[in-house]
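Asker: Using only what follows, build the 3D model:
(chains A and B)
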Amino acid sequence: MNKHIQPDLDTSPKVSDEIRKTTCYMCACRCGINVHMQDGKVKYIEGNRDHPINRGVLCAKGSAGIMQHYSPARLKAPMKRVGPRGSGEFEEISWDEAFQIASDWMTPLREKHPEKLAFFTGRDQSQSLTSYWAQQFGTPNYAAHGGFCSVNMAAAGIYTMGGAFWEFGQPDWERAKMFMIFGVAEDHDSNPIKLGLSRLKERGAKIVGVNPVRSGYNAIADEWVGITPGTDGLFILSLIRELLAAGKVDLEYLIRYTNAPYLVNCDPESDDHGLFLYDNNGKPQVLDRTTGEPLPFDQQGVKPELATDYTHKGTLYRPAFQLMAEKYLVEDYAPENVSERTGVKPETIRRLAAELARTAFEEEIVINQPWTDFRGEKHDKMIGRPVAFHAMRGISAHSNGFQTCRALHLLQILLGSVEVPGGFRFKPPYPKPVTGHPRPHAKPVANSPLNGPHLGFPQGPEDLAIKANGTPARIDKAFTWENPMSAHGMMHMVISNAHAGDPYKIDTLFMYMANMSWNSSMNSRGVMDMLTDKTEDGEYVIPRIIYSDSYSSEMVAFADLILPDTTYLERHDCISLLDRPISEAEAMCDSIRWPVVEPDRDVRGFQSALIQLGAKMKLPGFVNEDGSAKYQDYADYIVNHERRPGVGPLAGWRGEDETGSGRGAPNPKQIDRYIENGGFYMDHIPEEALFYKPWNKAYQDWAVERGIFDAPSPYTFNIYVEQMQKFRLAAEGKGELQPPDHLRDQLKMAMDPLPTWWQPFEEALVDAEEYPIHALTQRPAAMYHSWGSQNAWLRQIHGHNPLYVSGEIWEQNGFAEGDWAYLKSHHGEIRVPVVRMDALNPKTVWTWNAIGKRKGAWALDEHAPETKKGFLLNHLIHELLPPKGDGLRWSNSDPVTGQAAWYDLRVNIRKAPAPDNLQSEPAVAPQNSPVGQGPKNIRYGEDF
Amino acid sequence: MTTLPQSTHKKLGLAIDLDICVGCHACVINCKEWNTSNYGAPLSDQDAYGAEPVGTFLNRIHTFEVKAADKPAQTVHFPKSCLHCDDAPCVTVCPTGASYKRVDDGIVLVNESDCIGCGLCAWACPYGARELDAAEGVMKKCTLCVDRIYNENLPEIDREPACVRTCPANARHFGDYADPDSNVSRMAAERGAVPLFPEQGTNPVNRYLPPRPKADIQTDGDIDILAPFLDTSGASNSASGPSSTTAKGLLGWLDKALEAI
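Answerer: Coordinates of the predicted model:
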């Protein structure tokens, strides 16, 4: 027997030489991180306790940052293609040569046809700069990835209430007593959500998860509603019906803060049918109960009717609330009648409506904080309705997603739970009225900047991006009658349309950080063919492709010119209020990245490269009057660029005395101040302004002081979206701007000014008996899109992705462990491994997104599990709907916003023999790796 | 064979809350990145970019489904690392004395310079909490971040295991189970925490806080506070027949309700 021996231990070893605080980019959360440096290398990364987003915690991705920073897949230098497209054969070149090539391609376009450049960026966190660059170039063809991600969520939120979830606002984690979370990917905003869920649990609040799949957050929810995909809108409208039927809606809130009392023209013959009644000052009118007269909605002391007939100059008007009540209090939305479609029992719908009502109205919160509203009325307290909601892509990536998201916001509003204690709270610069956003601009003029920002929020048909000849102005056909409110563009249609020359041909496709030949496209195999397709002359159909990425992704192989980006620890960035902000409900915040490590390769931050390329091409905004470069690099731009006088990318430490918050002259020491403060800036909102922000005078004044607005911008929430009705009017034949006839019926249905539900398009077009199953993807908490597979640690968690099959489907097909299946859609068939899962909607199969890889990409071995068993569901999804027999190309998108309808996919399944080599199908031929392959074994940390 | 101390002054360990663990793997990876530097040999990865990547981890998460009759299936995420047992079979089985349990705080450690990588301890551990590092040839296991919890080079607030500091869901807690008033002892008592595999006789220090009962196993219809209100709408509907609810009924009620504001 060995005696108990206890060696002496040094329990206080050195931790690191230095901590450098910057912002994570292992996903889109943008948490604060402490990067521990030793001997000039990254030793350890942990969460920054002071940071508003993550308050010290850090997820698996963030903690695996070392492996991303030292990834063998990092690109090393600019490259030009020497083999055929798709092969991955490149030659390294200098930055001078790369810029010369790019400029030689693009400058002539600008001189004649700026629209022949299509510049689309992916998961870009610098859209404020990239859109500005595209605007200065003059092409109308710019957008980021919102169109194939979650534009339904963003646009529905902004049109309805001036902001949506995530970057726009957050649940009141500290006060909510009931929380419903719909369709949320586990990799987005994940640390704040996890922190919040934990707080809810500590306080005993009830969490309800609505998701076909019970993983992640749904696994710990107190109640799981395993809804059938594409039916969330129907479920929500049924909840709304129950609440209306019981009179459990917050009438006072609706009267004060929404357009529920606005008088709506109810004469179908009128040219203004469905529009509001306005006075001579352009103020919407409500019918005052005291005087029986129409009065401006914002008049002090007005007591509006919510249901009445009012005839004005011979025209019948009714309040929007009444139209809403009449729409939802019908049998179609009765729980019994939505139950079969949604997969939710009628008694569950009724009980959840009851629980929402009880929590909102019987557990009311009162905060004794006086405040003054925009009408000038003083209130001595703040009333809270402690029911909060959150939702993301699961409900929005459907062809009925916009209206579904609208329905959810309507539910929040009817319960009086937006911008009140315990409910949903906006984060500066939101709330912001939809009319406070730009409108779209799409008129290119040779050698000139575009006439305004590309993306925006149409207020009516006059804002569509349609040329005089009636054809789309943009290559992605955003802002057309097919999808009028495509506020984020439609990146998923760019390659398909460019290949088809529909609506026109382009010359150069310039993309950043978007794996469009693989997991970021529908129909990946088809996209690869489009990118490599040649004309009769032997030229590529899409003549030139420039791509920027940090890593050897699948898309790299398809580019003609590669601009290699840095890792996130080697770069400057700003997480700007002008872009996708990181504020909190109680503070305005922004942050930076800075090079905590210098690159050891010939790479440049894409934003710096873009600025330098802009200067070389003499783009306005990037050169001084003498033609010299205006900004050296992105850091220079971040500090010195002013979007409006005194308002620039970063809000903190502005002005000569460094005390400016939001406003102030550029301060050359600004980035130093951020670094000293841990990489971020935070300016707290005063107590009086913490709630009711859209209507709270103190908040509005605070926001003006900080440059969020130039004048107070209070507004009411839109339970009824008048802008949508304007498109419907056009579809009814009213007005000068008219849609093509084949789109009239779709517009009449889709542009309903009140939330509605329709059967997802693919489902309606395919034979439901032939394709009875829904197929989805989800993103795991430990992976961010395609990035994680090059990460030696994360790929050990998600190295391949089986198809998870519901117990019901498993039994029906007689599957057994280790089986493979053919999964078939109207567009294609794949052969993949299956695994049983019972915590899943019975009509659904699903898999993790973007785990499958092409051989040769990401510096992985050709036999890596990601390339063998791993697969993409994308092969089954087409960017176009099944042909309707009219010869037209109908995009597989939401008809309001053009959001890619990823989750509308319908499939059938049958048992397959296991492939001999256990290779999932389709197998795509390998690409050459321009960076070689990663090392066999690693022992990170042995140097320390 | 190696002896265990008669008793330890403290019983440091973790309380892991299965009610809130979402299975995000934050603890797994942060543990890996802290412990691949610092105490002992690095945690290596074999075939790191190849066909069968496999590395050393001190903490892993297992995910499984629980399906009871007539109830919706549940997904459970179960993080697992060394439980620092009082009667640690991994220590008593060690032929060289490399495995030991500290008298002061009860942490079970491996003295890597004495470890011959024979693997007996991994065989003896009923929890599968020990992993042989393929590059170094020594046994690796959770140290409860012994190089953090007393580390004077760290701010006091950070002197806790890396997994606890990083957990975004606050599902991991660190403390002294020998002290009945400690955070972990109280939590364990309040939540009815259970030792893992007590029948193994290992007397594990770490405790798992069980998931709270889920509301969706309640019978629907328990709460129907809407029903009483449905009568007030003045329409033909009743508490038992909300599907006959009409807009007309609501609008009748509305008039009275607006007067009340």
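Asker: got a list of what the residue of chain A found nearest chain B touches?
Answerer: Closest residue of chain A to chain B, Cβ to the nearest Cβ: residue A:934 (3.0 Å). Every residue, glycine included, has its C-beta placed from N, CA and C. By Cβ atoms under 8 Å, 6 or more residues apart in numbering or on different chains, the contact list for residue A:934 reads A:71-73, A:790, A:792, A:859-861, B:48-50.
Asker: which residue sits closest to it in space, ignoring its chain neighbours?
Answerer: residue B:49 (3.0 Å; Cβ to Cβ, 6 or more residues apart in numbering or on different chains).
Asker: so what's the one you found scoring on pLDDT?
Answerer: Residue B:49 carries a pLDDT score of 98 in this model.
Asker: Tell me if I'm right that it and residue A:865 touch.
Answerer: No: applying Cβ atoms under 8 Å, one finds residue B:49 not in contact with residue A:865, separated by 11.3 Å.
Asker: so the residue of chain A closest to chain B sits in a strand?
Answerer: No: using DSSP: H, G, I helix; E, B strand; the rest coil, the secondary structure at residue A:934 is coil, not a strand.
Asker: How much space separates it from residue A:782?
Answerer: Distance, residue A:934 to residue A:782, by Cβ to Cβ, to the nearest Å: 19 Å.
Asker: any idea what sits nearest residue A:437, other than its immediate chain neighbours?
Answerer: Nearest residue to residue A:437 in three dimensions, chain neighbours excluded: residue A:457, at 4.6 Å (Cβ to Cβ, 6+ apart).
Asker: What number of residues are in the vicinity of that neighbour?
Answerer: 20 (other Cβ atoms under 10 Å in any protein chain shown).
Asker: who touches it in this structure?
Answerer: A:155, A:158-159, A:434-435, A:437-440, A:485, A:487.
Asker: For these, pick the one with the most neighbours.
Answerer: Most neighbours among the contacts of residue A:457, by other Cβ under 10 Å: residue A:485, with 34 neighbours.
Asker: Run through the neighbouring helices and strands of the one helix or strand residue A:263 maps to.
Answerer: Using DSSP states H and E, residue A:263 sits in strand A:263-265. Judged by 3 or more Cβ pairs under 8 Å, 6 or more residues apart in numbering or on different chains; DSSP states H and E, strand A:263-265 is in contact with strand A:285-287, strand A:315-319.
Asker: C-alpha coordinates for the last one, CSV please?
Answerer: So the one you mean is strand A:315-319. This file holds the C-alpha atoms of strand A:315-319, laid out as CSV (Å, rounded to 0.1, in the frame of the first residue of the first chain):
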residue,chain,number,x,y,z
THR,A,315,-67.3,57.9,-46.1
LEU,A,316,-67.6,55.2,-43.5
TYR,A,317,-64.7,55.0,-41.0
ARG,A,318,-64.0,52.5,-38.2
PRO,A,319,-61.2,52.3,-35.6
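Asker: Could you chop chain B up by domain?
Answerer: Domain assignment for chain B by automatic domain parsing gives B:12-216, B:224-260.
Asker: Deepest in the core, which of the helices and strands packed on strand A:263-265 is it.
Answerer: Most buried of those by mean neighbour count (mean count of other Cβ atoms under 10 Å in any protein chain shown) is strand A:285-287; its value is a mean of 26.
Asker: Can you confirm whether stretch A:40-50 lies near chain B?
Answerer: Yes: for a cut-off given as Cβ under 8 Å from any Cβ of the partner chain, stretch A:40-50 has contacts with chain B, namely A:43-47, A:49.
Asker: Make a markdown table from the helices and strands packed on strand A:263-265 and add distance to chain B and mean pLDDT to it.
Answerer: Listed next are the helices and strands packed on strand A:263-265 as a markdown table, based on distance: least, Cβ to the nearest Cβ, whole Å; pLDDT from 0 to 100:
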| stretch | distance to chain B | mean pLDDT |
| --- | --- | --- |
| strand A:285-287 | 11 | 98 |
| strand A:315-319 | 10 | 98 |
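Asker: Make CSV out of the ones you listed and add distance to residue A:231.
Answerer: Listed next are these as CSV, based on distance: least, Cβ to Cβ, whole Å:
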stretch, distance to residue A:231
strand A:285-287, 35
strand A:315-319, 30
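Asker: Check whether the residue lying closest to residue A:877 once chain neighbours are set aside sits in a helix, strand or coil.
Answerer: Distance criterion Cβ to Cβ, 6+ apart; nearest residue to residue A:877, sequence neighbours excluded, is residue A:522 at 4.3 Å. Assigned by three-state DSSP, the conformation of residue A:522 is coil.
Asker: Show me what residue 207 is bridged to.
Answerer: You didn't say which chain, so I picked chain A. Beta-bridge partners for residue A:207, by DSSP bridges, are residue A:179.
Asker: oops, I was thinking of chain B
Answerer: Note on residue B:207: beta-bridge partners by DSSP bridges are residue B:15.
Asker: CA-only coordinates of stretch B:141-149, as CSV, when you get a sec.
Answerer: C-alpha atoms of stretch B:141-149 as CSV (Å, rounded to 0.1, in the frame of the first residue of the first chain):
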residue,chain,number,x,y,z
LYS,B,141,-8.7,14.6,-14.7
CYS,B,142,-10.5,17.6,-13.3
THR,B,143,-8.3,19.5,-10.8
LEU,B,144,-11.2,21.7,-9.7
CYS,B,145,-8.8,24.3,-11.1
VAL,B,146,-6.5,24.0,-8.1
ASP,B,147,-4.3,26.5,-10.0
ARG,B,148,-7.1,29.0,-10.0
ILE,B,149,-9.0,28.7,-6.7
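Asker: what's the offset of it from the middle of its chain?
Answerer: Distance, stretch centre to chain centre, for stretch B:141-149: 16 Å (Cα atoms, centre = their mean, to the nearest Å).
Asker: Give the rounded mean pLDDT of it.
Answerer: 98.
Asker: Could I get the buried residue list for it?
Answerer: Applying a neighbour-count criterion of 16 or more other Cβ atoms under 10 Å in any protein chain shown, one finds B:141-149 buried in stretch B:141-149.
Asker: from these, which ones fall inside strands?
Answerer: Assigned to strands by DSSP state E, none of the buried residues of stretch B:141-149 qualify.
Asker: ok, and of the residues you listed, which contact chain A?
Answerer: Subset of the buried residues of stretch B:141-149 in contact with chain A: B:146-147, B:149, counting by Cβ under 8 Å from any Cβ.
Asker: For those residues, give me TSV that also has distance to residue A:393.
Answerer: TSV is the format used below for these (distance: Cβ to Cβ, whole Å):
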residue	distance to residue A:393
B:146	42
B:147	41
B:149	40
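Asker: that older thread, for the domains of chain B, which one ends up most surrounded?
Answerer: Comparing the domains of chain B by mean count of other Cβ under 10 Å gives domain B:12-216 as most buried, with a mean of 20.
Asker: At which residues are the strands of the stretch 101-250 of chain B located?
Answerer: Assigned by DSSP state E, counting those that start in this stretch, the strands in the stretch 101-250 of chain B fall at B:108-110, B:131-132, B:139-140, B:172-176, B:207-209.
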